[in-house]
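Undergrad: Fold the following and give me the result.
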Amino acid sequence: MGVVGISDELTLAVRPQVAKLSNKIKEALKRRAIREAERIDIHVDGATVKLGGRVHSWNERAAVEGVIWSAPGVRFVVNDLAVG
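TA: Residues are numbered from 1 along each chain as shown. I've put the predicted structure just below:
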């Protein structure tokens, strides 16, 4: 009676391509009207995205990180954005 086992047969068919992911992130930043989208460095290494550069405020920094987390395939974010 009840669950006696679970079989996980899920597989990922396609991994996100680094260049496409980076471009999609930049496009998303522009759609969110983040002023410094062009001055933000985005480095993708597998499922990890590292951010560099400078933004004007803490709110903008948080907004950029939120956009990154919403991108498909992102599992880790290293936010090295400077504020000021």
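
Undergrad: wait, what's in contact with Leu81?
TA: Going by Cβ atoms under 8 Å, 6 or more residues apart in numbering, Leu81 touches Ile40, Leu51, Gly52, Gly53, Arg54, Val55, Arg61, Val64, Glu65. Bear in mind the C-beta positions are built from the backbone N, C-alpha and C, glycine included.

Undergrad: er, Leu51 actually
TA: Ile40, Asp41, Ile42, Val64, Glu65, Ile68, Val77, Val78, Asn79, Asp80, Leu81.

Undergrad: Low-confidence stretches in the chain?
TA: Residue ranges of the chain with pLDDT under 70: 12-19, 32-37.

Undergrad: Adjacent strands (with direction) for the lengthiest strand in it?
TA: In the chain, taking DSSP state E as the definition, the longest strand is strand 48-55. Strands that pair with strand 48-55, judged by DSSP bridges, come out as strand 40-45 (antiparallel), strand 76-79 (parallel), strand 82-83 (parallel).

Undergrad: Looking at those strands, which one is packed in the most?
TA: Most buried of these, by mean neighbour count (mean count of other Cβ atoms under 10 Å): strand 40-45, with a mean of 16.

Undergrad: Quickly find the element holding the most centrally placed residue in the chain.
TA: Residue closest to the mean C-alpha point of the chain, counted by Cα atoms, centre = their mean, is Ile68 at 2.5 Å. Using DSSP states H and E, Ile68 sits within helix 58-70.

Undergrad: Show me what that helix is packed against.
TA: Applying 3 or more Cβ pairs under 8 Å, 6 or more residues apart in numbering; DSSP states H and E, we find helix 58-70 packed against helix 18-31, strand 48-55, strand 76-79, strand 82-83.

Undergrad: Alright, calling it a day.
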